[in-house]
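Participant: requesting a structural model of the entry that follows:
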Amino acid sequence: MTVLENTPSAVLVLAVGVLCGTGVYLLLERPLTRVLLGFVLIGNGVNLMLLVAGGRAGASPIVGNAPNDEPMSDPLAQAMILTSIVITLALTALVLAVAYRSWQLHGHDEVADDVEDRRVARQAALNAPAFEDADATETGETLDEEAAEVYDEVADDDPDGQTPGDAPTDTPGGAR
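Facilitator: So this is what the prediction gives:
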């Protein structure tokens, strides 16, 4: 069995990097047409990467079909590329349908900010912890003292007179 040389060409590796890098850049844009082009570029970059990972071209990967001195090519890379093409096509069709529907509804394909996300961010900013005591001069208490009065995690007794670990008693006088 002859082992194929698996040293990739620098031009192919550079092409994979450029395709994937440009695709990621386009995915981060707002218009859906650019997102669509980003998916296509990343899909082609992944296909080229799988092709490079498959090694040098050889004879067809059918046992008994190739001459004895010529090595066979790896069929797994070819199967992965076919699968990647199908996935990229399906994802492209989905994003194209979403962009078309956005164009029908709004007249543009730009993804707008989510109103709910902005509301949650504003609410989180309002609920941010305060590290200074705004009313320390009025009350004379520190934040720790005020917090201890408002919420006490370790209460000695329940309102009904039992500690949290006690079980209710059945007999009069508290005997168990």
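Participant: now name the helix or strand holding residue 100.
Facilitator: Taking DSSP states H and E as the criterion, residue 100 maps to helix 75-106.
Participant: and for residue 73, the neighbour number?
Facilitator: Per other CB atoms under 10 Å, the neighbour tally for residue 73 reads 18. C-betas here are computed from N, CA, C, even on glycine.
Participant: touching, it and residue 58? I think so.
Facilitator: Yes. If you go by CB atoms under 8 Å, residue 73 and residue 58 touch, sitting 3.9 Å apart.
Participant: and the nearest residue to residue 96 once chain neighbours are set aside, how far from residue 17?
Facilitator: Distance criterion CB to CB, 6 or more residues apart in numbering; nearest residue to residue 96, sequence neighbours excluded, is residue 36 at 6.0 Å. From residue 36 across to residue 17, the span is 21 Å (CB to CB, to the nearest Å).
Participant: what does residue 77 give?
Facilitator: 19 Å.
Participant: do the same with residue 147
Facilitator: Taking CB to CB as the measure, residue 147 falls 54 Å from residue 17.
Participant: got the contact list for residue 61?
Facilitator: By CB atoms under 8 Å, 6 or more residues apart in numbering, the residues touching residue 61 are 72, 73, 74, 75, 78.
Participant: I am finished for the moment; much appreciated.
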